[in-house]
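Participant: Would you be able to build a 3D model of this:
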Amino acid sequence: MRTFGLIGYPLSHSFSKKFFTEKFEQEGIIAHRYELFPMEKVNALTELIAADHSLRGLNVTIPHKVNVMTFLDELDDAAQQIGAVNCIDIQQKNGKTWLKGYNTDAYGFEESIKPYLKNHHTHALILGDGGAAKAVKYVLDKLNITYLSVVRTAAGDGILYKDLTEELIMKHQVIINTTPLGTFPAVTEAPDLPYQWITDQHLAYDLVYNPEETEFLKRAKLQGAAVKNGFEMLQLQAERSWFIWNS
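Facilitator: Model prediction:
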């Protein structure tokens, strides 16, 4: 038996468990299971791995994407630069358990946004500045897209929502929501943007995938913008985890 799973807290609903359980069934992958491991404190990871020798890989979600890094033996380049891990590969090396951390969010985001980018998409607004924004920034740097963070309370280099001008909206023609605003069941919520200045030259990308079309995407679409939700990003990052665990 090879066991994989998700750590985080709380884990009331999980895309990953449904995705991998269905994948194992549909592809006839036997003696594999994917479990949820709700973990309030990240140091419980040590006990989990010691107790289950069938564990081969873990996905990591909030609130542990950053603090899990201190428990790992190695990081890939993306995880190192981003400063967050959402995938752990578990191997045995010389009789010792070896944990390597990866960031597959970056891969999922990059591969899902690239087909939507046009030549004029050279400046982006990133809504929110939490853990998810780290992977987005890493990808935008790779793609040579400059960005500005938009936040609710003054911090770092971010600007406040109330300071968004028509000029800023017109210049930044990619707008990426990394906040949970608009997630089911609070489907009427949306980032506080001056939507009237969004045009058909804009691309609006929402990391939220439930509902399929968030209020943010609806409002941007009404202005003629191209829109994309986070579902494909999730699928791609999950497939990337699977690739890593089997490499």
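
Participant: Now for V174: which residues touch it?
Facilitator: Listed by Cβ atoms under 8 Å, 6 or more residues apart in numbering, the contact set of V174 reads L117, H121, H123, A124, L125, I145, H202, L203, Y205. Yep, even glycine has a C-beta here, placed from its N, CA and C like the rest.

Participant: Who does the third one form a beta bridge with?
Facilitator: Which is H123. Beta bridges link H123 to T146 when assigned by DSSP bridges.

Participant: wouldn't it be in contact with K171 here?
Facilitator: Yes. Using Cβ atoms under 8 Å, H123 is in contact with K171, at 5.4 Å.

Participant: which of the contacts of V174 lies closest to T21?
Facilitator: T21 has its nearest neighbour among the contacts of V174 in Y205, at 27.8 Å by Cβ to Cβ.

Participant: Quick check: the gap between the residue lying closest to E213 once chain neighbours are set aside and A204.
Facilitator: Using Cβ to Cβ, 6 or more residues apart in numbering and skipping the chain neighbours, the partner closest in space to E213 is N229 (6.9 Å). Distance of N229 to A204, given as Cβ to Cβ, to the nearest Å: 10 Å.

Participant: The two: who's more crowded?
Facilitator: A204 (28 against 22; other Cβ atoms under 10 Å).

Participant: For that one, list the residues it contacts.
Facilitator: Applying Cβ under 8 Å, 6+ apart, the residues near A204 are I175, N177, I198, F216, L217, A220, K221, A225, A226, V227, K228.

Participant: so the fifth one makes contact with N229?
Facilitator: What it means is L217. Yes. Assessed by Cβ under 8 Å, L217 is found in contact with N229 at 6.5 Å.

Participant: Any chance you could list residues touching both of those two?
Facilitator: Joint contacts of L217 and N229 (Cβ under 8 Å, 6+ apart) are D206.

Participant: check contacts around K118.
Facilitator: Counted by Cβ under 8 Å, 6+ apart, K118 has contacts L203.

Participant: can I assume it sits in a strand?
Facilitator: No. If the criterion is DSSP: H, G, I helix; E, B strand; the rest coil, then K118 is coil and not within a strand.

Participant: Between N229 and A204, which contacts overlap?
Facilitator: L217.

Participant: so how far is H53 from I113?
Facilitator: Taking Cβ to Cβ, one finds I113 at 39 Å from H53.

Participant: no no, W98
Facilitator: Taking Cβ to Cβ, one finds W98 at 14 Å from H53.

Participant: Leaving out chain neighbours, which residue sits closest to the spatially most central residue of the chain?
Facilitator: Centroid check for the chain by Cα atoms, centre = their mean gives D105 as the closest residue, at 4.3 Å. The shortest distance from D105 to any non-neighbouring residue, by Cβ to Cβ, 6+ apart, is to A135 (4.0 Å).

Participant: Pull out the buried positions in whatever helix or strand the one you found lives in.
Facilitator: Mapping A135 onto the secondary structure by DSSP states H and E places it in helix 131-142. For helix 131-142, burial by neighbour count (16 or more other Cβ atoms under 10 Å) applies to G131, A132, A133, K134, A135, V136, K137, Y138, V139, L140.
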